[in-house]
Structure formats: structure tokens, C-alpha cells
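**Q** just need the structure, nothing else, for what follows:
(2 chains)
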There are 2 protein chains.
Amino acid sequence: MSRNIFDEAEYERRVERTKERLREEDLDAIVVADPANMNYLTGYDGWSFYVHQAVVVTVDHEEPVWVGREMDGGGARATTYLSEPNILSYSDDHVHSPHDLHPMDYIAGVLEDLEVADGRIGLEMDAAYFTAKSYTRLQQNLPDAEFEDATLLVGWVRIKKSEQELEYMREAARISENAMQAGLDAIEAGVPEYEAAAAIYEALITGTEEYGGDYPSIVPLMPSGDHTDTPHLTWTDRPFEDGDPVIIELSGCRHRYHSPLARTTFVGDPPEELEETAEIVVEGIEAALDVVEPGVTCEAVEKAWRETIAQYGLEKEDRIGYSMGLGYPPDWGEHTASIRPGDETVLEENMTFHMIPGIWTEEVGMEISETFRVTNNGAETLADFPRQLFTT
Amino acid sequence: MSRNIFDEAEYERRVERTKERLREEDLDAIVVADPANMNYLTGYDGWSFYVHQAVVVTVDHEEPVWVGREMDGGGARATTYLSEPNILSYSDDHVHSPHDLHPMDYIAGVLEDLEVADGRIGLEMDAAYFTAKSYTRLQQNLPDAEFEDATLLVGWVRIKKSEQELEYMREAARISENAMQAGLDAIEAGVPEYEAAAAIYEALITGTEEYGGDYPSIVPLMPSGDHTDTPHLTWTDRPFEDGDPVIIELSGCRHRYHSPLARTTFVGDPPEELEETAEIVVEGIEAALDVVEPGVTCEAVEKAWRETIAQYGLEKEDRIGYSMGLGYPPDWGEHTASIRPGDETVLEENMTFHMIPGIWTEEVGMEISETFRVTNNGAETLADFPRQLFTT
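**A** Model prediction:
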């Protein structure tokens, strides 16, 4: 019943690699609550992560088991490759129950049925949606189990992308290009921020002439004017004004795969300082992309950026990028490798990152980003969009 | 520096009511991690909930304290009413740290500085972004604290809306009407689902002629064709076909306040059964709205629905509604009162609910919903949109 977004064989390889990791960590099972990891292992795709749900993988059972709310079982049948006995669901009285009934009580029963209740069980302890209560209820229900933090176990399995995954990321990149152009076209003095956001959203979902777009895991962010140093504020009713810098960060999304892109524009004639800053950011990002190849560490990529901008007396202390791809709100990042000092992850072919360096001076903020794939000898940027400061 | 979405006095009243609840529960403080609750208590509004953050309220300190990532401190200054000493932030090496540094380590330090480290501290144990690890790190850092589950403490403070909150919900309802019309206009045989989704999104963000819309906490849901029984699947590239039922569930959003609305349309000539089902759903929802008034219980409202449809030999076992208003992804619900059997919450004036009953037979699914306010003697539905089955 799967939507055939990936071959069944691809899911089976993913599950097999996950089982290998479980064996390496001496775990009998993992309870996967991150919706991106659930999708990765089974194909499950639905906006149901506001209630508790999980995919359970054990070393001894061939297929994973999907567990969710009863009304979402049909969605699991429609989107996963799983056979009917491996789609299990709890009744609606577990949802925001006034009777102290919790979905994890049911999931604990599933773990018993899978004969791992007295085993070593990995939990995604720091995944959004795996709440503190999810944890304490599993502890109470399964006193003989030994729980281990396995937050990033599936994330590390995901880090190298398959050809089909890369294809969806490239399709997302086409959508990102269209949406960025729509945003740049919409922004001018007097236009309210929300109108530019609406134009971007319309382009993100309309996609391309050949295919549509999914909802992105993060809404388009457009810090502007005085707020280019507050990167996570969202649009308001305020009209753009002459003299506003505007940063646009967005991502097209295709079958939940992203290819984020950020550019900066200026309403009116930009000050010389901003133009110079743009040139430095472009030089820095190109220097960082130039050192990308298999065998190089993440921190070496960051160092190339930092040394380039240091020549101009500039510094930036945040990380400048992260591994990403498949995602659901609130995030398209994988939370594994970061491009920053101290991250010794060694690049391998078909890893994918969003590199988003920025410079904030007292007056202005400036961001230009690229999503790239590590090739066998360099970096392939997925989007094809001019790296420059734009003006309205 | 607040955006003046609410008067400072309104935030102060909210904080005072929260402190009253803390005293009733014999708690010294609460760590609020739900982004909707953080917004409610301080005004904070940013897409930063993919990293750990919190608002801390103690019974002894006048203002709450906002704690988040360093790059989001500016966003807190721009959107909250808090004074500078009450905006605290942790450095970026706490974010997806390879060095076992966690934001809750920093937040534990804040609780020490607030002199509640050996007190009774409420935690939102089952809130989406308060992870298992957030909990264990607080436990490790604060061995003398006593933690209590306070997941719904702020939710119950939020349940009765102020005049200004209701104003934003009514503004959201105007947006919902426009977006529903845009969706109905876009759906016809041959049009891919994503094009209808794009039209809805464009309308949701464009808002009205007077003001724009925020991103909704849940994306527009449009189960169609064979999938009207899978309510949380999202749009695909599939073109609508003659004979498809399509359910549209969406919400306009204004300053993070929602007014959800669901309607069902049919591509082509609807079968008689669907038209009859629509009439039953309308009769049921009207019967349920008719019994709404202060003093009536939530379960009595559900009973009116259930008894109405039972006359036609139909039954539905899920809850048919829930308290809602302010929200962030993944949900606009407040997780407190539900309209369902066993919920004895007594309705009071200015509570607001989304009532979304549906009927699924073997062939078709059908939903018609209303967001309503409890008035001093009845129910005010916020949107003004025909209650009927639509056709293309």
C-alpha cells in the first residue's frame, strides 16, 4: 500500500543498517519517536506527530512495527511498506486522557509482545515529541527493561543519502529556487511582510511545472529592518521600508526532503558596507565549499570560512552548517554532524549539509547559504541561484 | 520592546493567575517549555522551538524569566514585555552539542539563581518539546529539587479568553473563511491536490484586506478520494478525480490565535448517501451547539451530538472537539477540556472550542466543523460559512 516513494528494498536496507547499529550498541530494540526517523524506516508520512506514536525496531524481528492513534492506522497502511500485522494502534481514550491513560502504556505492551521488555532498549531521549512523560511511563510499565539514550542512532544511519534521496533533494532545490525568486520579486517598499511570505508559500507548495511541493519543516523566515539579528522571528503586518535589509531563509520540500537556501536583499540602495559584507560572505562560503571532499573534517570546513572572514577583521561564533535532508516540523536538521570548531566528523560521499554562514555587524545582518552534497572529490551545490546581495 | 499585541497588564494578569495555581499546587516554580504557554506568559514569538528554551515563573519573583539560545535573545527583546535582566541565554555550544552540554544544564543554573533549586518545581512533563533528556538533565543538575507534573497548569489558566484574545480569534476566523473559499474554488477534476493546497496557503498568509495571517499550527489537511478516512495525510501530486470526496480542515492564524474550520466537498455529482450524511452531520452539530451555555458539561455537549446521529443508526467513538486558541506547531489544541464522554469540565463564558464531528461510513468520510465561544447564554460560532456539503 506504500506510495512507492522509495522501493521496499530501500526501506529494508535502512532497517538492516539500523539493526547493525543496535547490535553494535548491544541494544535489543529502539523506540523511534522522531517523525523523520519514523518516515525513514517505514515511509510513514502524516501530520499526526502531535499525538504520541512510534516505530519499534528490534534486532530479532524482520519488519519494524508502527504504533499510533487508531484514526492514523489508515494513514500508516497508505504510506508505509509494512505488512498489516505490524501496524498497531491505540484507542482514542489515550489522547489527552483525563483518566491517566497514556499512549506509552500501549507501546510498552507492544514491547512486551515483541519480547524485549526485559532487554536493553534504545530511546530517542532528546527528540522533540519524545516527552519526559513518555519516558517515565515506559519506565513504570517496563521495570525490567534497561533504557539507553539512542537519540542520534537513526540520524547517523541517515547521514549518507541514496541516489533516490538525492533526487528528491534536487527536486526540492528547484522549488527553493522558484520560491526565492518569488520572495525577491515580492519585496519592495510599502509591501507588507506577510504579502512576501504569502508569495513564497504559494511558490513552495506550487513547486515546479512538473511536480508540487510539500510543506517545509520550518516556515519561510524573513528577518528584516532592525530585526536581521533576530533570525527566528516570523513575518508581521509591517510594510517593508526603504533602507531595510531583508534576509530570506526558506526551503522547498519534496516527499519530506529539503534543500534550504538563504539570500539577503535590500530595499532601495544598499549602503556600501552591506555590499562589502556580501562580498566577504560570498568569498567565505566559496572558500569553505572549496575544501569539501571525502576525508576532510567538518571543523576543517568551518576553519576555511573563519580564516577567510578573519582577513577582513570579522568573526562569527555560531556553527555555520549542519547535516540535513528528511524532516518534519520543527526542524529539517538531522542533529548529527555540524560544521563548527570541534566537530571531527569526517566527510563521506553523499553526505548533505546546509551551510549557512552569516555576518552581523552593529548595523546589518547578512546571510547567504547553500545546501551541498559531498561528491567523490568536492561539493555539489543543489540550488543554482546567484550568490550575491539583491536589491529591490 | 514588545510588539504591543497585548497590554503589559494582560501579561501581568496571566502571570498572576499562574502564580495562584502554583500556590494552590504548593509549587515554588514552573518551567514552561510549551511555546504556546511561553507566548501566553511573556509574548515570546519565534520559530526557535526546535532548540530547548523555557519561561520560568516562580511564586516569589515578579516577572517571569525567558531562557533561550543566544541568537534568539534579540527575538525575546523584540517580542516580550520582559525587562532586560529577565532575558537570559545560553551559548551556541549547547546546541546539538558533541560535548554533552545541554541547554537544561544552563536552565538548572537559572533555577538555582532564582533560589528554587531545593523547592518543588512544576514541569510540563508531556509537552511536545520538553524531552525525556530535558527532564533527566534537570534531575541530575538539581538533586534537591522535587519535580511535579504540571503539564496542563498553564493550559487551564488559558482556557477562558480575554476580549483581546477573542478579537484575534475572530480575525483568524475571517482568514479561515477566505482560505476555505479559496480551497473550494481551486478543487476540481484534473487539478493536482498541491495546487489546491497552494491556493489555501496563499489565502491563509495573505489574510484579509486589512491584515495578514500567521502560519497555522497545523498545515491545511485535505484527505480525499479513498483517503477521507485517513485524516492526517497531507496533499500529494495526485489530481482530483470525478467522484472524489474531499475534506478540507484548515485554520487562519492571527498573532498565533486560531479559528479552525472544516468542510467537505465533492468532485462531480455527490452520491445521495453523502448528501444524507451531510444533513445528519449538520443536524448533529447544530444540536450540540444548541446545548452549549455556561454550567453545561463538555460531555453533555457530546451527548447531544451522539443522540442526534444515533437516530439515524450512526455512531462515532472519537472525541468531537477540544479547547483551543493560541498555538504553535504541531498543534493548536490546548490539551485540557475535550468534548467527549467522561469529560466533566463545566463550560464557562469565553471558553473556546473547535467542534469537529465527523462520520465515516464504508464508502465516505464527511466532516463539518465550527469554532465557537461560550457566551453568557449560548454559543457564538466565530466563522460565518455555510454548513453544507459543497460540490465542484
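
**Q** switch to C-alpha atoms for all contacts and neighbour counts from now on
**A** Noted.

**Q** residue A:218 and residue A:238, how far apart?
**A** Applying Cα to Cα, to the nearest Å, the value for residue A:218 to residue A:238 is 21 Å.

**Q** the two - which one has more neighbours?
**A** residue A:218 (21 against 14; other Cα atoms under 10 Å in any protein chain shown).

**Q** nearest residue to whichever residue of the stretch 1-150 of chain A sits closest to chain B in space, ignoring adjacent ones along the chain?
**A** Residue of the stretch 1-150 of chain A nearest chain B, by Cα to the nearest Cα: residue A:132 (3.7 Å). Setting aside the residues directly before and after it, residue A:132 is nearest to residue B:132 in space (Cα to Cα, 6 or more residues apart in numbering or on different chains), at 3.7 Å.

**Q** surely that neighbour and residue A:126 touch.
**A** Yes. Assessed by Cα atoms under 8 Å, residue B:132 is found in contact with residue A:126 at 6.1 Å.

**Q** quick one: contacts for residue A:339?
**A** Residue A:339 sits next to A:298, A:299, A:301, A:302, A:319, A:320, A:321, A:322, A:355 when contact means Cα atoms under 8 Å, 6 or more residues apart in numbering or on different chains.

**Q** tell me the phi and psi of it?
**A** Here is the backbone geometry of residue A:339 (degrees, to the nearest 10): phi -90, psi 90.

**Q** from chain B, how far out is residue A:224?
**A** 12 Å (Cα to the nearest Cα, to the nearest Å).

**Q** still on that earlier bit, top of the contacts of residue A:339 by neighbour count?
**A** Within those, most neighbours by other Cα under 10 Å means residue A:302, with 28 neighbours.

**Q** which helix or strand contains that one?
**A** Here residue A:302 is covered by helix A:298-310, with elements defined by DSSP states H and E.

**Q** just the C-alpha atoms of that helix, please, in CSV.
**A** Presented in CSV, the C-alpha positions along helix A:298-310 are these (Å, rounded to 0.1, in the frame of the first residue of the first chain):
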residue,chain,number,x,y,z
CYS,A,298,33.6,19.3,9.4
GLU,A,299,35.8,21.5,11.6
ALA,A,300,38.2,22.0,8.7
VAL,A,301,35.3,23.3,6.5
GLU,A,302,34.4,25.8,9.2
LYS,A,303,38.1,26.8,9.6
ALA,A,304,38.2,27.8,5.9
TRP,A,305,35.3,30.1,6.4
ARG,A,306,36.6,31.6,9.6
GLU,A,307,40.1,32.2,8.2
THR,A,308,38.7,33.9,5.1
ILE,A,309,36.5,36.4,7.0
ALA,A,310,39.2,37.0,9.6
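
**Q** that older thread, ok, so of the contacts of residue A:339, who is nearest residue A:202?
**A** Closest to residue A:202 out of the contacts of residue A:339 is residue A:355 (25.1 Å), distances taken as Cα to Cα.

**Q** mind listing the strands for the stretch 151-300 of chain A?
**A** Secondary structure of the stretch 151-300 of chain A (DSSP state E, counting those that start in this stretch): strands at A:245-254, A:257-266.

**Q** hang on, the earlier thing: next one: the residue nearest to residue A:132, what pLDDT does it get?
**A** Turning to residue B:132, the model gives it a pLDDT of 98.
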